[in-house]
Each structure stands twice: as C-alpha cells, then as structure tokens.
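Predicted coordinates and the sequence they were generated for:
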Amino acid sequence: MAAPFELTDDSVVVIIGTGAGGGVLANELAQKGISVVALEAGGRYLPEDYINDEWESFGQLAWLDARSTSGDWRVADDFSGLPAWIVKAVGGTTTHWAGASLRFQDHEWKAKTNYGDVQGANLLDWPIDPREMDDYYTKAENKLGVTRTGDRTGLPGNNNFKVFEAGAKALGYSEVHTGRMAINSTENDDRMACQQTGFCFQGCKWGAKWSAAYTDIPRGEATGNLEVRDRAHVLKIEHDDSGKVTGVLYADADGNQHLQKARIICVAGNSIESPRLLLNSASSMFPDGLANSSGQVGRNYMRHMTGSVYAVFDKPVKMWRGTTMAGIIQDEARHDPSRGFVGGYELETLALGLPFMAAFLDPGGWGREFTSALDGYENMAGLWIVGEDMPQETNRITLNHDLKDQYGLPAPNVHFDDHPNDVAMRNHAYKQGMAVYEAVGATRVFPTPPYPSTHNLGTNRMSEKARDGVVNKHGQTHDIANLFISDGSQFTTGAAENPTLTIVALAIRQADHIAAQMVNGTL
Amino acid sequence: MPQKKSTLTRRELLLRSVAAGGAFVVGAGYVADSDAAWAMEVEHLQPKTMATLIQMARDIYPHDHLADEFYAAAVKAYDSEDAKDAIEAGIAALNAAATGKGFGSYIDTQWERDRVDILRGMENSPFFQTVRGGLVTGLYNQKAVWPLFGYEGESFSKGGYIDRGFDDINWI
Ligand SMILES: Cc1cc2nc3c(=O)[nH]c(=O)nc-3n(C[C@H](O)[C@H](O)[C@H](O)COP(=O)(O)OP(=O)(O)OC[C@H]3O[C@@H](n4cnc5c(N)ncnc54)[C@H](O)[C@@H]3O)c2cc1C
Ligand code: SF4
C-alpha cells in the first residue's frame, strides 16, 4: 500500500531517519497529502520481533557503526567506541525509549535571559515563545497518549516506585508521582494497556508504549503518500549551483548506491549523525559542510546532565518488575541558583536487568566492593538523574578522518567535557538521590556515573540570528531554504526534561510550516 | 556451561588428576573441580593455565554463591587457537607477579587478598582488561546465573507482572 516513488521524482520530501523527529514528521506530512520518501539506515522491527533480553536486544537494535570519543567525560574511558546508546531501526530510538514525556518549563525556552552569562557556556534563547508551543504540546501528548495529560490516568506504581515515593515523601518532596508517560494506562489508540513486563528499553512487546515504529509510520504509509525505505543509509546530501539541495545519495542493504531526488530534505538522524551528514556533504561551494556558515554545525553537543543512584536495602525490591521508568520527583526541576547552579533536574526511577547492571553500575569496577553490590541486586532500587547541561562550543561532533565507517566515510568523533555547572548539579543530585533512599533505610548507596548518551541534543541548534546557530524557529536551515533539521539536534538548550515530547511537538509544528510553504510556493 | 565429562567417572577423574592448586585438579586435556562436580576439556591451553584463568575470573568478580562452573563457562572461549598465545603469556605474567611476591604461583597463593594484590599490580594491562571486560558479559549474561541473583529475566511469556507482583513490596 505504501506509495513507491521514483528515484528521479524531484517533487518528494525526503526525510533522513525515522525516529521521534523523522518518523512523526513523515506521518504528519503524509496526512496532509504531501509525498514523502523516508530513508532509514536500520531495519524494520515490530513488537513480535523485540527481544526481552538486554544484550541480545542491544545487538538487534543499537547503532553500532564506528564512532570515537574524546574529552573528560567518563564515557570516553569506559565506552570509548560507544558515546551514545541509540537505535538504528525504523522508528529510531523510540523503540528503546522509556516514555517519559514532559513539557519544558517556560523559563527554559529563554535560558540566556533567565540564567544570564554563565562562563564557558554558549547559552542562547530559543527563538520560540513558550505560548506558541502550548497547542503543539497538546497535540504531541494526544499523539503519544501521555498519562496524566488530557483525561488519561496515571500508571500504577511498581515496587521501585514505592520505595522512591516513600523516600521522596520522607525528605519532604511533594511533586512525586508515576510520571507523564507515553505508556497506556488503559487501552488507547488501538494499543493495549501496560502489562508491567519490565523491558521498556528493549521495545515494548505489547505495544503499550508509544513508538513511531508501529504508530506514525504505518499510519503514514496507509495514506499512500509515504514510502519508507529501510536499510537505506544516507551518505551525502547533494546541491545545485544555486545552493539548493537536490537529492541524497544512499546505500541500500546490499551496499548499492542510489541517488534519490528531492524538493525538500529533512535531516533527522539524531544529534550525532545529523551534523556528521552535513559535514560529510561538504562541497566546493560549501567547504565547511552544508548549512554551516555560522560554524555551529556539530557544536553545542548536549547530553543532559545525568547519573544514577542505586541503593541496596535489607529486603527485596525486585525493581526490574514493571515499567522501567515508573515515577518522577519534580521538586528539583526549578531554576534556583541558590543551590549553586543554574537550571534544574528531574529524578526518575530506573531499573536495569542484571546484565546491564553489571556493565553500568561502576564500569571498570571489580573485586568484592563491586560484587557485593551485585549480590544485593534483588534488594536494589534505582533512579536516574536528568538535568539541564550547558551548551559549550567545544563540545562537538567532528569528522574523524582516521576512523572510517563501513562505507569508507569519516566516522564521527564525540567530544564532551562537563561544564562546572553540570558537575555542581550532578553532585547536588547525587546527594539528594542518595538521601531519598537513605530516608527509607538503604544500607548502601551508589552514585553511578552517566551511561553512554541516550539524550543527544543541540548539534544543529535553533537561533534567531543566522550567525548564532544552524536553523531558524521552524528548523529550516538559515543557509539553505529547502534543507530542514527535524530531530533533537535543533535544540538550542536542553532544559531539564526528557526531550522526546518536545522533539515530537517541534516535528508536528515543522510539518505545518513545510506544508504552508509548499502551498504558497516559497518552497 | 562446561561439559560434564562423560568418558570419565568421578572416581577415575580424581585418581588420574593432579592438584592444580586452589580448588582445581588438572589432567591431560582437562580441568576439573577438586570434588569433580564438573570437568572441562581444554584443547589449546595448558590445563593448568585454564585452572588459573578460572581462579582469576573468580577473584575479579567473586560471588561466593556461584559455583566454579559458571566462571569456567565465562572464560571457556579463551581456549581457542586465536586466543591461546595471549592467554598463556598473560597467565605466565600473572605467575611471575605471584613469584615476585614470594608465592609459588598465582593459583598457589592461598589468600584472596594476596591474589587481589597481585591483580591490582597488573590492573592496567591489556590482558587483565580483556579478561575483566569479557567477564562482564561472559559471567553475568549467563542465563543460568540470573536466578542466583534473584533476577527473573523476560516476563512477556508469562504475561508480564501485572498480575504477578509488580507492586508486591510489603515492607515500605
Ligand atoms: C534507553 C533510552 C531511554 C530513553 N528514554 C526516554 C524517555 O523516557 N523520554 C524521552 O523523552 N526520551 C527518552 N530517550 C531519548 C529518545 O529516545 C530520543 O531523544 C529520541 O528518540 C531522539 O529522536 P531523534 O529523532 O532525534 O533520533 P532517533 O529517534 O534516534 O532517530 C534517528 C534515526 O535516524 C536514523 N539514521 C541516522 N543516520 C542515518 C542516515 N545517515 N541515513 C538514514 N538513517 C539514518 C537512525 O537509524 C534512527 O532510526 C531515551 C533513549 C534511550 C536510548
Ligand atoms: S512495562 Fe509496560 S510499557 Fe514497558 S515494555 Fe512492558 S508493557 Fe510495555
């Protein structure tokens, strides 16, 4: 039923990547009657294909192409070839994600104004008024079926949440609940309710959690306006003498290369691949890469200030049972510089299975200090910290000419140094997270270092002025009118909240903009 | 999991083997538990090297409630043509470090704290890091060890935990 389009058809919108940004944009445009070809490097996996086994699933879904790392973050030591934990599949990282769906707080759209000059930070206000986003957030929440929004009820709390909630209350926190989750608490949108299976990170086998893979993408295809080509890895974006982009070169599953023509190109390959593709598309006309007159392509890489706290108790918790991210404390999300840092953070429950716990609790750790912690696995509770990190120009994606991917193209290097504000916030969050568990009798607590990045943001950032960023308020590149960025790399700043709801809201908004411009003939 | 050696009875095994030190006995082409609860054939490594590697694995990730066979399974893949030279060299270095501290060999070093001390001295070597890194999945990703930590693995086939205790905590 999916419409096949000719390679030579230059009337189509080509979208690169089908995750939170690209997958939603593809469906939104298709619903408006616009012809779309979506090219996705990964394969197609549906709930029946997902594997509820951590490492096997990782092998099935993770993006494992060559990458390198540098900088003072611990990931560069512990997982030097794996800066990010993201997905290569139709639906992108929405197969892996936990489903936490939070709106930005108003002040976070204007970080520069509200936080002032933070030394070493390349802060900027989003060129968007928070009120412009209200309706788009509502649309996004309805699309994703977010609990505790609209008339949707919250999910029930699992064991991990109950420990977390009791600790939070003992500490005097008041904004603690089972979260706003893109997970059905009751049957909704033709998908069933959560069965508390506990492998949300491995793909929800019940389809209770929203993923573009089995919602937006098939719905877009059903219109006849969307063709998704899986195992189609885009290598380069081409342009003409006037500087407009004209098509993309991609490799199919067999490594054969094709050129797909396009009227408009939207890049949504997540915040490492999107800037890399622009940089790898350098030409004599654009020697620094496409859309890079500002020099900001690849810069201001953000990954959220993260970390985890695990705690062992004298009695069983069995945290792996039920939703992976089962609740939230929001009291620390406010901006309150008296804590010694700008911006805020959320605390969200998190559970890992034994295999991932062994890999992530204290990477590189060994001996009895390490193993006695795992001996307490059944009695463990856990939370994840997610807070606003500072954009820094030097945190960036560059091309590593000494390391090539399977197509012979320079691999991305991901450089990241913590900003002092990130460190101060993390220390505060560790202290609070540990206090949560100590308040309910933890016998041992573990301030666990950040995992490879799951939230990758900011490397093609949005700015009012062309000299400060890569795209305008609609995600349209300042330099090339028919080239858009449609994923998390547009983020001007990261805010404290998990990013996907905002990525989805921006994609819905961008679809309106693209459609309007196509109708009025500007594009 | 290492194969139970079917051609040898426990009694024969114990008669034909020599103590390798630690909790192991070795014979021609095999390593066994000192009570012969299990045995593992080795083709490429010297049996004593394999016994030492198993001890090293336990000393890196000591869990007293895990039997040796899980550690043996975790390092079994090093018994290969490709890996054998690096492993023999690494274990030789480990034994040399033990001798340097006045012990007969690594596996003859009786106290765990002394063995750990030897390991700390070579913690940054590629050999140690390879063995440690491999154990993270080699040991903890064995489905047979999961229940010994209480971990239940997948639950989809049983309908999740919605009716099976996702919120059954009773002490909070
Ligand atoms: C374990 C985990 C848990 C998470 N939990 C949450 C959560 O609870 N809440 C939340 O808000 N966020 C969460 N996230 C983050 C969320 O998944 C991402 O922010 C979001 O999916 C990013 O959307 P995106 O469109 O930028 O990229 P993605 O969703 O990663 O999509 C990018 C797609 O582009 C494809 N691609 C890349 N390069 C090319 C190319 N050259 N050619 C063709 N295709 C290409 C990729 O294969 C991929 O499918 C989580 C992430 C992980 C890993
Ligand atoms: S816990 Fe719920 S949302 Fe998560 S994978 Fe299971 S059914 Fe899906």
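Yes, it's here. Numbering: from 1, shown residues only, chains lettered A, B, ... in the order given. Ligands and ions are numbered 1, 2, ... in the order given.

drop to CA atoms for contacts and neighbour counts, all remaining ones
OK.

Name the secondary structure element that contains A:Val163.
Take DSSP states H and E as the rule and A:Val163 turns out to sit in helix A:159-171.

any weak-confidence spans in the chain?
Using chain A. Scanning chain A with the threshold set as pLDDT under 70 gives A:1-3.

let's do chain B instead
B:1-16.

Kindly report the residues of chain B close to ligand 2.
Counting by CA under 6 Å from any ligand atom, no position of chain B is adjacent to ligand 2.

Now do the strands in chain B.
B:18-21, B:24-27, B:30-33, B:39-41 (DSSP state E).

among the ones you listed, which is nearest ligand 1?
Nearest to ligand 1, of all the strands of chain B, is strand B:39-41, at 38.1 Å by CA to the nearest ligand atom.

Note down every partner strand of that closest one and its orientation.
Within its sheet, strand B:39-41 is paired with strand B:30-33 (antiparallel), according to DSSP bridges.

returning to what we had before: downstream neighbour of the helix holding A:Val163 in the secondary structure list?
Beyond helix A:159-171 toward the C-terminal end (DSSP H and E), the next one is strand A:176-177.

Can you name every helix or strand that that following strand contacts?
Contacts defined by 3 or more CA pairs under 8 Å, 6 or more residues apart in numbering or on different chains; DSSP states H and E place strand A:176-177 against helix A:159-171, strand A:328-329.

so how far is A:Ser486 from A:Met195?
One correction, residue A:195 is Gln, not Met. The gap separating A:Gln195 from A:Ser486 is 32 Å, by CA to CA, to the nearest Å.

the more surrounded of these two?
A:Ser486 (36 against 23; other CA atoms under 10 Å in any protein chain shown).

Which single residue in chain B comes nearest to chain A?
B:Gly160 (3.9 Å; CA to the nearest CA).

That residue contacts A:Gln196, correct?
Yes - applying CA atoms under 8 Å as the test, B:Gly160 and A:Gln196 come out as touching, 5.4 Å apart.

Neighbour count for those two, which is higher?
Neighbours of B:Gly160 and A:Gln196, each counted by other CA under 10 Å, are more numerous for A:Gln196; the result is 30 against 21.

Which secondary structure state does that one sit in?
The three-state assignment at A:Gln196 reads coil, by DSSP: H, G, I helix; E, B strand; the rest coil.

picking up where we left off before, who touches both of B:Gly160 and A:Gln196?
A:Gly322 (CA atoms under 8 Å, 6 or more residues apart in numbering or on different chains).

if I look at the single nearest residue of chain B relative to ligand 2, how far off is A:Ile15?
Nearest residue of chain B to ligand 2 (CA to the nearest ligand atom) works out as B:Gly160 at 6.8 Å. Going from B:Gly160 to A:Ile15 by CA to CA gives 36 Å.

Which residues are in contact with the residue of chain B closest to ligand 2?
With CA under 8 Å, 6+ apart, B:Gly160 has these contacts: A:195-198, A:322.

How about A:Asn114?
Counting by CA under 8 Å, 6+ apart, A:Asn114 has contacts A:107-108.

which residues touch the residue nearest to the spatial centre of chain A?
With distances taken as CA atoms, centre = their mean, A:His455 lies nearest the centre of chain A, 4.1 Å away. Residues near A:His455 by CA under 8 Å, 6+ apart: A:302-304, A:498-499.

so where do the helices sit in the chain?
If you meant another chain, say so; for now it's chain A. A:20-31, A:54-61, A:75-78, A:111-115, A:130-144, A:159-171, A:216-222, A:270-280, A:354-360, A:368-375, A:420-438, A:500-519 (DSSP state H).

Wait, chain B was what I had in mind.
Using DSSP H, helices in chain B cover B:10-16, B:47-60, B:68-75, B:84-100, B:112-121, B:126-140.

tally of neighbours for A:Pro337?
Neighbours of A:Pro337 using other CA under 10 Å come to 11.

who's in contact with it?
So, once contact is read as CA under 8 Å, 6+ apart, A:Pro337 ends up touching A:Gly343.

The one 3 residues further on now?
Under the criterion of CA under 8 Å, 6+ apart, the contact partners of A:Gly340 comprise A:424-425.

Can you list phi and psi of it for me?
The phi/psi pair for A:Gly340 (degrees, to the nearest 10) reads phi 100, psi 10.

Distance check, it against A:Val309.
20 Å.

now B:Met50
Taken as CA to CA, the span from B:Met50 to A:Val309 is 37 Å.

Max pairwise distance over the contacts of B:Gly160: which two?
By the measure CA to CA, A:Gln195 and A:Gly198 form the most distant pair in these, at 8.5 Å.

okay, and the common contacts of these two?
A:322, B:160-161.

ok, those vs A:Lys473, which is closest?
A:Gly322 (38.8 Å).

surely that closest one meets B:Arg164?
No - between A:Gly322 and B:Arg164 there is no contact under CA under 8 Å: 10.0 Å.

Which residue of the two possesses the greater neighbour count?
Taking neighbours as other CA under 10 Å, A:Gly322 and B:Arg164 compare with A:Gly322 leading, 30 against 15.

Spit out the contact partners of the more buried one.
A:158, A:195-198, B:160-162, B:166.

ok, 6 Å please
A:158, A:196-198, B:166 (CA atoms under 6 Å, 6 or more residues apart in numbering or on different chains).

Tabulate the residues you listed (a markdown table), appending distance to ligand 1.
Shown next, in a markdown table, are the contacts of A:Gly322 (distance: CA to the nearest ligand atom, whole Å):
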| residue | distance to ligand 1 |
| --- | --- |
| A:Asn158 | 16 |
| A:Gln196 | 16 |
| A:Thr197 | 16 |
| A:Gly198 | 13 |
| B:Phe166 | 19 |
